[in-house]
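Peer 1: Output the structure for:
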Amino acid sequence: MPVRGQDPTENRRWREGRSATNKDDVDATRALREIAFWLEREGAPTYRVRAFRRAAAIVDDLADLDERVASGRLTALEGIGRTTAAVIEAAHRGETPEYLARLRSEVDVPAQGQQLREALRGDCHTHSDWSDGGSPIAEMATSARALGHEWMVLTDHSPRLTVARGLSAERLRQQLDVVAELNEHLAPFRILTGIEVDILSDGALDQDEDLLAELDIVVASVHSELRMAAPAMTRRMCAAVANPHVDVLGHCTGRLIGDRKRPQSTFDAVAVFEACRDSVVAVEINSRPDRLDPPRELIRLARDTGCLFSIDSDAHAPGQLDWLSYGCARAEECGIPADLVINTRTAEELLDRR
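Peer 2: Now for the predicted structure:
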């Protein structure tokens with residue numbers, strides 16, 4: 001996929017779906033991977049996304065691509081169908097494949113929040129296939145880098161969330177070793193270590209405290225007992241954000257919108273946001289289209305309370321990393337300036353706040 005440049009105008013050209021003039025833009029492997037990226041962004045079925053990624057991997061390994069394109073024998077390869085073959089052939093000719101051009105033209109970029117989106121240097125809430133994400137850490141990281149990010153925080157789930165293959169302390173320590181090795185190859189891009197840790201019913205955190213202290217960023221979220229009575233939920237959330245290891249309060253109401261509806265949790269928002277402010281814990285503006293959490297009135301309340309914010313994708317696949325634009329649009333609507341958003345900072349500045 002094209003790399004987002006430093007020039008905001010060039011970045012907008014790509015995000016609005018206008019093809020670049022650089023021949024690398026229509027390299028077959030890049031074209032196939034970019035198609036997979038846009039399909040993920042729009043929520044296409046997983047099998048369609050995987051078909052293009054699989055085709056990209058096959059092309060990467062082909063020693064006789066020129067001959068196969070010339071003879072029309074691409075579809076003889078297992079994993080290459082008519083659609084993926086047409087993409088490869090067009091890209092090989094130096095043309096933008098029609099399938100890719102259509103997807104680019106259909107990218108939904110909110111009118112608001114573009115300047116704030118340009119200011120984001122990273123993403124504090126992402127998942128990999130170590131828990132309930134669909135892609136390896138390396139693929140998430142290289143996609144984030146291709147979007148122009150300087151860093152991303154890897155925040156797979158904690159052990160109690162078994163449905164999401166939450167990480168035990170042992171698996172999390174293994175992940176830290178993997179991240180350290182990847183960072184050697186990806187520099188200057190950096191994967192920051194982290195976790196999305198469950199807030200338990202009493203406000204305790206679902207991971208070993210000493211291990212939490214080793215992580216760069218801790219996102220704390222409620223995933224269970226979402227209908228808890230408001231007074232108990234308030235105590236629970238305030239206790240969690242008072243923990244010195246917590247950096248971000250994730251999707252604070254727990255609501256789901258769209259096809260999968262779930263009402264928001266009830267709590268004393270003033271008390272919770274005051275606790276976030278006093279503990280210097282950022283309130284997450286979750287960009288997932290099925291969450292968009294918190295609602296606008298709570299974003300404004302958190303702003304007026306004096307909170308910091310983290311605009312996050314909560315991405316579970318590479319294409320979902322680009323959902324940040326939705327969170328930026330909501331932040332701008334609610335009058336959130338860039339200097340209150342922690343992921344406008346460099347990695348070093350972000351870690352210094354700890």
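
Peer 1: Now tell me what touches the longest helix seen in the chain from outside.
Peer 2: Counting residues, the longest helix found in the chain (DSSP state H) is helix 169-186. Here helix 169-186 makes contact (C-beta atoms under 8 Å, 6 or more residues apart in numbering) with 130, 137-138, 141-142, 145, 154, 156, 159, 167, 190-191, 193, 195, 207-208, 211, 214. Yep, even glycine has a C-beta here, placed from its N, CA and C like the rest.

Peer 1: Any regions of this structure where pLDDT drops low?
Peer 2: Along the chain, segments meeting pLDDT under 70 span 1-26, 354.

Peer 1: Tell me how it divides into domains.
Peer 2: Here the domain parsing of the chain from automatic domain parsing is 8-105, 114-352.

Peer 1: Just name the most buried of the ones you listed.
Peer 2: domain 114-352 (a mean of 20; mean count of other C-beta atoms under 10 Å).

Peer 1: where's the residue of the chain most remote from its centre relative to residue 80, distance?
Peer 2: Centroid-distance maximum for the chain: residue 71 at 40.7 Å, with C-alpha atoms, centre = their mean. Using C-beta to C-beta, to the nearest Å, residue 71 is found at 13 Å from residue 80.

Peer 1: Tell me the secondary structure at residue 253.
Peer 2: Here residue 253 takes the coil state, with states given by DSSP: H, G, I helix; E, B strand; the rest coil.

Peer 1: Stretch 291-309: how far from the chain's middle?
Peer 2: 20 Å (C-alpha atoms, centre = their mean, to the nearest Å).

Peer 1: got the CA positions of it in PDB?
Peer 2: The C-alpha coordinates for stretch 291-309 follow below in PDB (Å, rounded to 0.1, in the frame of the first residue of the first chain):
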ATOM      1  CA  ARG A 291     -18.500   1.500  19.200                       C
ATOM      2  CA  LEU A 292     -17.700   5.300  18.700                       C
ATOM      3  CA  ASP A 293     -17.400   5.300  22.500                       C
ATOM      4  CA  PRO A 294     -17.900   7.500  24.500                       C
ATOM      5  CA  PRO A 295     -20.900   9.400  23.100                       C
ATOM      6  CA  ARG A 296     -20.300  13.000  22.200                       C
ATOM      7  CA  GLU A 297     -21.900  14.400  25.400                       C
ATOM      8  CA  LEU A 298     -19.400  12.400  27.500                       C
ATOM      9  CA  ILE A 299     -16.500  13.500  25.400                       C
ATOM     10  CA  ARG A 300     -17.500  17.100  26.000                       C
ATOM     11  CA  LEU A 301     -17.900  16.400  29.700                       C
ATOM     12  CA  ALA A 302     -14.400  14.800  29.900                       C
ATOM     13  CA  ARG A 303     -13.000  17.900  28.100                       C
ATOM     14  CA  ASP A 304     -14.600  20.300  30.500                       C
ATOM     15  CA  THR A 305     -13.400  18.200  33.400                       C
ATOM     16  CA  GLY A 306      -9.800  18.600  32.300                       C
ATOM     17  CA  CYS A 307      -9.000  15.200  30.900                       C
ATOM     18  CA  LEU A 308      -6.500  14.100  28.400                       C
ATOM     19  CA  PHE A 309      -7.600  11.900  25.500                       C
END
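
Peer 1: contacts for it?
Peer 2: Here stretch 291-309 has contacts from 251-257, 264, 269-270, 273-274, 276-277, 280-286, 314, 326-327, 330-331, 333-336, 340-342, using C-beta under 8 Å, 6+ apart.
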